[in-house]
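>>> Below are the sequence and a predicted model for it; my questions follow.
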Amino acid sequence: MAGGFPVFRIFTAASGGAVPVRFRMPDFSSANADSEDHAYHQADRITGDLLDAMPSGCGPFTFIGALEGYPVGDRLFDDTVTSAELWWAPTRYGPTWLVLGTAVDESSFWRLVNDDDDLNTLGAHGPATRQRVAVIGTLTQTN
């Protein structure tokens, strides 16, 4: 089985502010393409439901990018955290594949990214974006 890993999808709200949606990827069989497709459809539904629950006037939302894996810093793993100073940057896989996380400043963010074997292999590059964000969703496994 695969899945269960954290997913962070960042959107821009109508106000211009960023809204990261966090959840755990639904479980799927990595040996079965239909199972994986179903899990990604569930992930899209979770994302849509969380954005739809935002106060009226926040949308429409525009997709910025995503990280399917573990961000740097530990604040985003605390489900009680609803706002954070978030850093993110594109990777060599394109502008919508991101590294992201929390750090005190940009140099700390890049040090943490470079020290993380998984994130370092993504070939992240600047410029990094920093923004105070409203974090929605939970990493509590629901399936």
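Cool, the structure landed.
>>> so after the longest helix along the chain, what's the next helix or strand?
The residue-count maximum for a helix in the chain (DSSP state H) belongs to helix 33-52. Using DSSP states H and E, the helix or strand that follows helix 33-52 in sequence is strand 62-68.
>>> Show me what that next one is in contact with.
With contact meaning Cβ atoms under 8 Å, 6 or more residues apart in numbering, strand 62-68 is reached by 5-12, 18, 25, 88, 90, 95-100. Backbone N, C-alpha and C define where each C-beta goes, glycine included.
>>> Buried ones among these?
Buried by 16 or more other Cβ atoms under 10 Å: 6-11, 18, 25, 88, 90, 97-100, out of those.
>>> was I right about residue 112 contacting residue 72?
Yes - between residue 112 and residue 72 there is a contact under Cβ atoms under 8 Å: 3.8 Å.
>>> anything in contact with each of those two?
101, 103.
>>> Who has more neighbours out of these two?
Legend: neighbour count by other Cβ atoms under 10 Å for residue 112 and residue 72, higher for residue 72 (22 against 18).
>>> Quickly note the distance from the more buried one to residue 15.
26 Å (Cβ to Cβ, to the nearest Å).
>>> which residues of the protein fall in helices?
33-52, 106-115, 117-120.
>>> Among those helices, which comes closest to residue 83?
helix 33-52 (15.2 Å; Cβ to Cβ).
>>> The closest one - what's its average pLDDT?
What helix 33-52 shows for mean pLDDT is 90.
>>> Show me which positions of the worst-scoring helix or strand of the chain on mean pLDDT end up buried.
Using mean pLDDT, DSSP states H and E, helix 33-52 stands out as the lowest-scoring helix or strand of the chain, at a mean of 90. In terms of neighbour count (16+ other Cβ under 10 Å), helix 33-52 has its buried residues at 35-36, 39, 42-43, 46-47, 50-51.
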